[in-house]
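> Take this sequence and fold it.
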Amino acid sequence: MKPSNFGKWAVSHPLGSFVFLPAVLSLALMAMYFSGNVHLQNIVAPTIDNVPLFTAREFGLLEMLQNLFLLCIVFYSIRCFIAARDIWVRTVALILVLISMFAFLEEIDYGTHFIEYTTGEYESLAQETWNRNWHNKISSSGVQNVSYINLAAKIGMLSGFVLAPCYCPGYKTELSVYWYRPNGWLQPLC
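Reported below is the predicted structural model:
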């Protein structure tokens, strides 16, 4: 797979692409939102006449950037799936496509807020009658479904960033988490 120009820049400038760029973008959005300037706040999370606040914020820069990043993950995961020859890489790429598509559809409420905005008819936002997405529903036990997603993400990070390097000691590529691997002296303990 041939890397894009941004991909080449990101690999050659890891600190800038993975630390400074996201930090500057996040700080800029926070500064705009908490500036007290109504126009800047409306760019980040707008208020629209006759539209519930919860729905209106979905049209702001913050939510749209989140959706863009999720679509980028989907796009690059599909590219990785197509280009990869190793069955394990293809499997991980396919899983990542499915997870990121699910996250994208959940974040846009499966298009509900776009449909509501164009028709002018808004659903109730009461938690008991929630029909917009799965992750905000509250189960019969009183637990919000997003807590299950958080648990799955923690287990995935533990397995990918802690356990996998222990069981794959010879695996060293630019995409691996080589820097987070335990010291070679600790390998027998893993």
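
> residue contacts, the residue nearest to Ile43 when sequence neighbours are not counted?
The shortest distance from Ile43 to any non-neighbouring residue, by CB to CB, 6 or more residues apart in numbering, is to Leu61 (5.3 Å). To be clear about C-beta, it is placed using only N, CA and C from the backbone, and glycine gets the same treatment. When contacts are counted by CB atoms under 8 Å, 6 or more residues apart in numbering, Leu61 touches Leu29, Ile43, Val44.

> OK, contacts around the last one?
Contacts were defined as CB under 8 Å, 6+ apart; by that measure Val44 touches Leu29, Met32, Tyr33, Gly60, Leu61, Leu62.

> Need phi/psi at the closest residue to it other than its chain neighbours.
Leaving aside its sequence neighbours, Val44 sits nearest to Tyr33 (CB to CB, 6+ apart; 4.4 Å). Main-chain dihedrals, Tyr33, degrees, to the nearest 10: phi -70, psi -40.

> For stretch 54-69, measure first residue to last.
Separation of the first and last residues of stretch 54-69 by CA to CA, to the nearest Å is 21 Å.

> host element of the residue nearest the centre of the chain?
When CA atoms, centre = their mean is applied to the chain, the residue found nearest the centroid is Leu70 (5.4 Å). Taking DSSP states H and E as the definition, one finds Leu70 inside helix 61-83.

> Distance from the chain centre to that helix, please.
9 Å (CA atoms, centre = their mean, to the nearest Å).

> cool, and stretch 90-99?
14 Å.

> on that earlier part again, you'd agree the residue nearest to Val44 is up against Gln41?
Yes. Between Tyr33 and Gln41 a contact is recorded at 5.5 Å, counting by CB atoms under 8 Å.

> quick one on the thing from earlier: reformat the contacts of Leu61 as JSON lines; add pLDDT.
Listed next are these as JSON lines, based on pLDDT from 0 to 100:
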{"residue": "Leu29", "pLDDT": "91"}
{"residue": "Ile43", "pLDDT": "92"}
{"residue": "Val44", "pLDDT": "91"}
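
> Which of those residues fall in strands?
Among the contacts of Leu61, none falls in strands (DSSP state E).

> and which of these is nearest Phe81?
Nearest to Phe81 among the contacts of Leu61 is Leu29, at 31.6 Å by CB to CB.

> how close does that closest one get to Ser139?
Counting by CB to CB, to the nearest Å, the separation of Leu29 from Ser139 is 32 Å.

> likewise Cys72?
Counting by CB to CB, the gap from Cys72 to Ser139 is 32 Å.

> Right, I'll leave it there.
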